[in-house]
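In: Dropping the sequence and predicted coords here.
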Amino acid sequence: MKNIKTFAAAIALATLSFTSFAAEHVSAQDAAQFEKAGVITASGATDLSTLKAQLAAKADAAGAKAFTITSTSGNNLMHATAVIYN
């Protein structure tokens with residue numbers, strides 16, 4: 001029983017530590033505290049929340065701490081550009 005509790009606690013802590021490194025969507029004013037690391041794009045989404053999630057995933061994959069969406073376009077299939085920051 002003790003092993004199960006220890007295992008569950010380890011999984012919970014590991015999950016929390018992984019989520020703490022996710023890139024955060026920030027405003028242009030808040031982005032001033034970070035260093036620009038590059039630009040990412042996403043396309044093919046049908047709504048803004050999906051587009052934002054795609055950008056967040058790409059920012060995470062690039063190892064960014066934060067990102068700011070700089071442009072969006074499209075009607076049925078949307079496209080967005082974002083600046084990523086470290």
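Out: Yep, it's here. Numbers count the residues shown, from 1 in each chain.

In: ranges for the strands of the chain?
Out: Remark: strands of the chain, listed N- to C-terminal, are 24-25, 36-45, 66-73, 78-85; assignment by DSSP state E.

In: who does the shortest one pair up with?
Out: When you say that, I think you mean strand 24-25. Strand 24-25 has the following sheet partners, assigned by DSSP bridges: strand 66-73 (parallel).

In: and the angle for the strand it pairs with with strand 78-85?
Out: 150 degrees (axes from the mean of the first three to the mean of the last three C-alpha atoms, to 10 degrees).

In: Low-confidence ranges, the protein, go.
Out: Under the criterion pLDDT under 70, the flagged ranges of the chain are 1-21.

In: Could you check how far the residue positioned nearest the centre of it is from residue 80?
Out: By C-alpha atoms, centre = their mean, the chain has its centre lying nearest to residue 56, at 2.6 Å. The span separating residue 56 from residue 80 equals 11 Å under the rule C-beta to C-beta, to the nearest Å. Any C-beta I mention is one placed from the backbone N, CA and C, and that applies to glycine too.

In: Residue 42 now?
Out: In this view, residue 42 and residue 80 are 5 Å apart by C-beta to C-beta.

In: From residue 77, how far out is the nearest residue to residue 67 once chain neighbours are set aside?
Out: The spatial neighbour of residue 67 that comes closest, neighbours along the chain excluded (C-beta to C-beta, 6 or more residues apart in numbering), is residue 59 at 4.2 Å. For residue 59, the distance to residue 77 (C-beta to C-beta) stands at 21 Å.
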